[in-house]
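**Student:** give me the fold of what follows.
(one chain, ligands or ions: 2)
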Amino acid sequence: MFGQKAAVDKATFRVEGSAMIGIIGRSGAGKSTFLRMMNRLTDATSGRILFNDRDILSLTGARRRAWQSDCAMIFQQFNLVPRMDVVSNVLHGTLNRRSTLATMFNLYPTADIHKAIDILDRLGIADQAAKRAEVLSGGQQQRVAIARALMQDPEIILADEPIASLDPMNAQIVMEALRRIHEEDGRMVIANLHTLDTARRYCDRVIGMRDGRIVFDGTPEQLTTGVARDIYGAGADFSEEATSTEIGAIARSDAAAQLIRKAEAEAG
Ligand SMILES: Nc1ncnc2c1ncn2[C@@H]1O[C@H](COP(=O)(O)OP(=O)(O)OP(=O)(O)O)[C@@H](O)[C@H]1O
Ligand SMILES: [Mg+2]
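**Tutor:** Numbers count the residues shown, from 1 in each chain. Ligands and ions are numbered 1, 2, ... in the order given. As a prediction, the model looks like this:
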């Protein structure tokens, strides 16, 4: 709850085994809040999240931190340290299991450094390892962020609009990397996605959110244009290629048009 408003309300879903799941819905639907609750970055007022019988919302202290390292998070803006080199950024993924002293002096075990390079290599960017993060392209930076997440060896990767700032080619590279990590490592991936076609193309399952609720939960095949229009609460001018932000704007302009019609009707 944020004040009187429930950003996520009665959202129930169940996952058996591992899956790659896309969450869609227009701007403000509650997608980010939902991910942040799973990761315990935002506290839920009520409800339950269970992971293999672990009651996530009741975890405190070290157990909560252990859970946060089990479900790594990736953001739209990469959240790297721009002036720091790529390997050190990746090694930051081990922070929550290192001592403060080791962190202060930037001491990393050799094994961790090798692991970081191996992960970068797997993502096709080992040649960038010594560069400062800020000189890399957006797509490369997002792969560094994925590498940092993998450094934690997480069971789940939560990605909040991982490709929203990327051009189409880099977006494809990043989505393919996430898909490969899911398939090869069996890690669960849950990604908020701002376009319908990305969710359809890369995910086994799509969850549609509207006003904090789950209004669709099914396969890409079940996600027809009609269903999508309903999820986004968009009018007849709904376009399959539109992004959630655009649809948010369209829906708002629908609402504005309605207000104008109402005012006109009242005026006579
Ligand atoms: N810290 C906060 N304080 C108050 N309200 C908030 C806060 N965070 C989110 N909200 C509200 O909760 C609702 C859901 O927000 P959320 O960011 O989860 O939506 P979203 O689906 O991720 O949207 P977008 O596609 O724009 O990222 C919105 O109405 C938002 O204004
Ligand atoms: Mg969001």
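**Student:** for the stretch 51-200 of the chain, which segments are assigned as helices?
**Tutor:** 61-70, 86-91, 100-104, 110-122, 138-151, 168-185, 196-202 (DSSP state H, counting those that start in this stretch).
**Student:** out of the ones you listed, nearest to Ala234?
**Tutor:** For the helices of the stretch 51-200 of the chain, proximity to Ala234 was assessed by C-beta to C-beta; helix 196-202 is nearest, at 10.9 Å. Quick note: C-beta positions are derived from backbone N, CA and C, even for glycine.
**Student:** would you mark the buried spots in that closest one?
**Tutor:** For helix 196-202, burial by neighbour count (16 or more other C-beta atoms under 10 Å) applies to 196, 198-200, 202.
**Student:** elements contacting it?
**Tutor:** With contacts defined as 3 or more C-beta pairs under 8 Å, 6 or more residues apart in numbering; DSSP states H and E, the packing partners of helix 196-202 are strand 20-24, helix 168-185.
**Student:** most neighbours per residue, which of these?
**Tutor:** Highest mean neighbour count among the helices and strands packed on helix 196-202 (mean count of other C-beta atoms under 10 Å): strand 20-24, with a mean of 25.
**Student:** that one: how far from the chain's middle?
**Tutor:** Averaging C-alpha positions (C-alpha atoms, centre = their mean, to the nearest Å) puts strand 20-24 9 Å from its chain's average.
**Student:** who does that strand pair up with?
**Tutor:** As defined by DSSP bridges, the strand partners of strand 20-24 come to strand 188-192 (parallel), strand 205-210 (parallel).
**Student:** right, is the longest one up against ligand 2?
**Tutor:** This means strand 205-210. No: judged by C-beta under 5 Å from the ion, strand 205-210 makes no contact with ligand 2; its nearest approach is 10.2 Å.
**Student:** next secondary structure element downstream of that strand?
**Tutor:** Using DSSP states H and E, the helix or strand that follows strand 205-210 towards the C-terminus is strand 213-218.
**Student:** buried set for that following strand?
**Tutor:** For strand 213-218, by 16+ other C-beta under 10 Å, it's 213-217.
**Student:** quick one: mean pLDDT over the next helix or strand along the chain from that strand.
**Tutor:** Later in the chain than strand 213-218, the nearest helix or strand by DSSP H and E is helix 225-232. Helix 225-232 carries an average pLDDT of 89.
**Student:** for helix 225-232, name the packing helices and strands.
**Tutor:** Helix 225-232 packs on strand 20-24, strand 205-210, strand 213-218, helix 244-267, going by 3+ C-beta pairs under 8 Å, 6+ apart.
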